[in-house]
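> coords below, sequence missing:
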């Protein structure tokens, strides 16, 4: 079964240009689940962002939201966690939570990552850990 995370049928060329998943290829790093909305159409979608060099979830949110806000989009965090990503092994492990934002819905993150990396053999999550 296939369903998207666009919450309504309105389209948004701006949103279409926003990648669903932007995570570093290798390493263990913090990630944030975000809801991005086009205020001109009301269309929105959920995206995943995670970067090795960001020390805090707030850093991930700021880095990820800056270019989106510059396009005129609204960004809201939807929780965070950690990602252990090994692109060469085709594995992605999603776990933990954000002290600042709470726990992201890891099931949503798994689905988005699976769609972004269809050749990954192992994309899974745990609600344990920090």
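Sure, I can see it. Predicted, not measured: the structure shown is a model, and the values here were computed from it.

> pretty sure residue 52 is touching residue 25, no?
No. Residue 52 is beyond contact range of residue 25, at 9.1 Å (criterion: CB atoms under 8 Å). Glycine gets a C-beta too; all of them are placed from N, C-alpha and C.

> ok, those two, which is more surrounded?
Taking neighbours as other CB atoms under 10 Å, residue 52 and residue 25 compare with residue 52 leading, 14 against 10.

> that one in helix, strand or coil?
Judged by DSSP: H, G, I helix; E, B strand; the rest coil, the three-state class of residue 52 is coil.

> what sits against residue 100?
56-58, 80 (CB atoms under 8 Å, 6 or more residues apart in numbering).

> and it, which of the three is it?
Going by three-state DSSP: residue 100 is coil.

> quick one on the thing from earlier: in PyMOL, how would I select the buried members of the contacts of residue 100?
The following PyMOL line selects those of the contacts of residue 100 that are buried, judged by 16 or more other CB atoms under 10 Å:
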select buried, resi 57+58+80
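
> so residue 14 touches residue 71, yeah?
Yes. Using CB under 8 Å, residue 14 is in contact with residue 71, at 5.7 Å.

> higher neighbour count, the two?
The neighbour comparison of residue 14 against residue 71 (other CB under 10 Å) goes to residue 14, with 18 against 12.

> and the residue with the largest distance to the centre of the chain, what does it touch?
Using CA atoms, centre = their mean, the residue of the chain lying farthest from its centre is residue 40. It sits 22.4 Å away. Going by CB under 8 Å, 6+ apart, residue 40 touches 12, 14, 72.

> run through who's touching the helix or strand of the chain with the lowest mean pLDDT.
Using mean pLDDT, DSSP states H and E, the weakest-scoring helix or strand in the chain turns out to be helix 13-16, at a mean of 93. The contact list for helix 13-16 (CB under 8 Å, 6+ apart) reads 6, 36, 38, 40, 43-45, 71-73.

> and it, what's buried?
Within helix 13-16, judged by 16+ other CB under 10 Å, the buried ones are 14-15.

> the helix or strand just after that helix pairs with which strands, parallel or anti?
Heading C-terminal from helix 13-16, the first helix or strand you meet, by DSSP states H and E, is strand 21-23. Paired neighbours of strand 21-23 in the sheet (DSSP bridges): strand 44-50 (parallel).
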